[in-house]
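Peer 1: This is a predicted model, with the sequence first.
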Amino acid sequence: MFESLVDKFSGIFKKLRSKGKLSPQEVESILKELRMVLLESDVHYKVAKDLINRVKERAVGREVLESVTPGEMVIKILWDEIRKCLGGETQNLNISALPSFLLLVGLQGSGKTTTCAKLALRLKRQGHFPLLVSTDTRRPAAKEQLKTLAQNAQIDFFDEPDATSPLEVVKKARVFARQKSNDVVIVDTAGRLHVEEMLLAELRELVEQESFQETLLVLDATTGQEAVKVAKSFEEWVKPTGIILTKVDTDARGGAVLSIVSQTGWPVKLVGTGEKLEQIETFHPDRMASRILGLGDTLTLIEKIEKAIEKESEEKLVQKLKKEEITLNDFLDEIKRLRSVSSFEEIVGMLPGNLRSNLSMVDGEKNLKKVEAIICSMTPQERQNPSIINASRKKRIARGSGTSIQEVNKLLKQFEEFKKLWKQMHKGKFSPLRKRGIF
Ligand code: GDP
């Protein structure tokens with residue numbers, strides 16, 4: 001996600017960081033470059049212009065000139081403005097009513113049905129009792145899709161085969177939910193290939209006659225500016241309370257998210273980050289801004305690590321957290337455990353650039369097997385204290401694991417990097433980022 005933006009920003013940031021002082025001319029030329037990056041990444045020209053103007057106002061003012069590290073300060077201002085552009089604060093779903101009704105609308109193919117199931121599973125894991133409802137009275141295949149997803153995730157499902165309108169289905173679902181004590185009802189709606197009046201009239205009837213805590217517009221991030229148009233045409237018929245942006249994992253250019261939020265003014269509440277049912281996340285403008293700028297999404301990373309930690313037995317965990325130092329055995333355990341929560345690639349992608357490149361060897365299934373083979377070829381003493389691994393030991397380990405001395409060296413180097421990361425996590429924060437004023 002955001003590969004193109006991140007790559008281009010990192011080049012500019014490198015330049016910025018290398019400067020002790022910035023003249024107003026230098027600030028001007030860097031802002032021009034930043035604006036180009038935004039435009040090339042599918043950010044609407046007006047959004048890019050406004051954003052850069054706001055950064056400029058702050059950057060050429062006292063904020064930068066009086067700062068000790070002006071380059072860092074420009075990055076911080078840019079981060080702050082992108083965060084604001086993305087909506088500023090995290091907006092949670094309104095599920096305070098009992099039961100709460102959430103209506104998902106959007107075009108066919110936007111990922112709506114998958115998102116309904118993702119959302120239900122997420123709420124179920126948070127301790128709710130969701131009910132999934134299909135209101136597509138015209139396409140039996142769409143109902144079947146939701147039903148299968150519901151069955152696989154063991155979530156209650158409701159549909160009314162004889163109903164002729166979504167309104168009729170929702171009225172009956174209300175009674176069903178009450179009987180079954182479901183506290184959140186997620187209603188999937190029919191999607192069409194383009195905005196169709198008849199369908200939208202049905203939707204309007206539904207939202208006028210039934211009350212929904214949330215009407216969420218599902219938008220496909222990969223469609224870029226088109227998604228903004230779709231949002232505007234839906235607005236004439238139903239007033240969304242928020243957006244769920246899907247497929248952000250495949251949006252290589254990454255600018256759509258900025259344009260969609262700033263042009264619709266609706267908060268993005270959730271993002272879909274993959275095809276699997278677990279791949280849905282709360283949208284945090286601050287974290288998203290960090291990701292867009294390639295500063296590493298360390299908060300989400302910490303959440304993921306915490307989730308992984310939950311899986312571990314309490315006793316083992318307490319012992320491990322007590323020690324700031326980890327051994328090669330712990331290292332192997334950690335990598336395996338992190339991979340069980342999400343793909344290691346995803347985790348590595350959230351780290352700041354320097355750590356990211358240093359952990360490349362433990363990325364990928366094949367590499368992990370190699371790492372495992374190398375560690376298993378070490379003696380218990382070597383695993384406990386890698387500093388005793390001299391040249392002849394390295395030779396033996398490489399032979400035993402079917403790898404090369406270079407690969408053993410690389411692993412030892414990466415272990416040192418991981419130890420640094422572990423220490424930071426142990427302290428509960430990523431202090432380098434804090435020092436730079438990014439969080
Ligand atoms: P609907 O027609 O709007 O109900 O869309 P579907 O739920 O059937 O999804 C269309 C396609 O998008 C399916 O292949 C989904 O697996 C895929 N999809 C949905 N959400 C995501 C996502 O967040 N990331 C990726 N990569 N694919 C997604």
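Peer 2: Arrived safely, thanks for sending.
Peer 1: Flag every residue of the chain that's near the ligand.
Peer 2: With CB under 6 Å from any ligand atom as the criterion, the chain meets the ligand at residues 106, 108-114, 191, 246-247, 249-250, 272-275, 279. No exception for glycine: its C-beta is placed from N, CA and C like everyone else's.
Peer 1: So which elements touch whatever helix or strand residue 245 lives in?
Peer 2: Element membership of residue 245, judged by DSSP states H and E, is strand 242-246. Here strand 242-246 touches helix 112-125, strand 214-220, helix 256-264, strand 268-272, going by 3 or more CB pairs under 8 Å, 6 or more residues apart in numbering; DSSP states H and E.
Peer 1: nearest to residue 386, of those?
Peer 2: helix 112-125 (38.4 Å; CB to CB).
Peer 1: next helix or strand past that closest one?
Peer 2: Assigned by DSSP H and E, the successor of helix 112-125 is strand 130-134.
Peer 1: helices or strands up against that following strand?
Peer 2: helix 112-125, helix 140-152, strand 156-158, helix 166-180, strand 184-188.
Peer 1: coming back round to it: how about a markdown table for the helices and strands packed on strand 242-246, with mean pLDDT and mean neighbour count added?
Peer 2: Converted to a markdown table, the helices and strands packed on strand 242-246 look like this (pLDDT from 0 to 100; neighbours: other CB atoms under 10 Å):
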| stretch | mean pLDDT | mean neighbour count |
| --- | --- | --- |
| helix 112-125 | 95 | 23 |
| strand 214-220 | 95 | 25 |
| helix 256-264 | 85 | 24 |
| strand 268-272 | 95 | 24 |
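Peer 1: how about these, which one is nearest residue 384?
Peer 2: helix 112-125 (37.5 Å).
Peer 1: Contacts for the closest one, please.
Peer 2: Helix 112-125 has contacts (CB atoms under 8 Å, 6 or more residues apart in numbering) with 95, 102, 104-106, 130-132, 142, 145-146, 149-150, 153-155, 184, 186-189, 191, 218, 244, 246, 270, 272, 275, 277-280.
Peer 1: Give the buried subset of these as a PyMOL selection command.
Peer 2: Burial among the contacts of helix 112-125 is assessed by 16 or more other CB atoms under 10 Å; the matching PyMOL selection reads:
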select buried, resi 95+102+104+105+106+130+131+132+142+145+146+149+150+153+155+184+186+187+188+189+191+218+244+246+270+272+277+279+280
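Peer 1: beta partners for whichever residue of the stretch 151-300 of the chain sits closest to the ligand?
Peer 2: For the stretch 151-300 of the chain, the residue closest to the ligand is residue 272, as judged by CB to the nearest ligand atom, at 2.5 Å. Assessed by DSSP bridges, residue 272 has beta-bridge partners residue 280.
Peer 1: from memory it sits against residue 278, does it?
Peer 2: No - applying CB atoms under 8 Å, one finds residue 272 not in contact with residue 278, separated by 10.8 Å.
Peer 1: one step back: go through the helices and strands packed on strand 242-246 and name the closest to residue 199.
Peer 2: helix 112-125 (12.7 Å).
Peer 1: Can you mark which positions in stretch 371-384 are buried?
Peer 2: Those would be 371, 374, 375, 377, 378, 382, 383, for stretch 371-384 by 16+ other CB under 10 Å.
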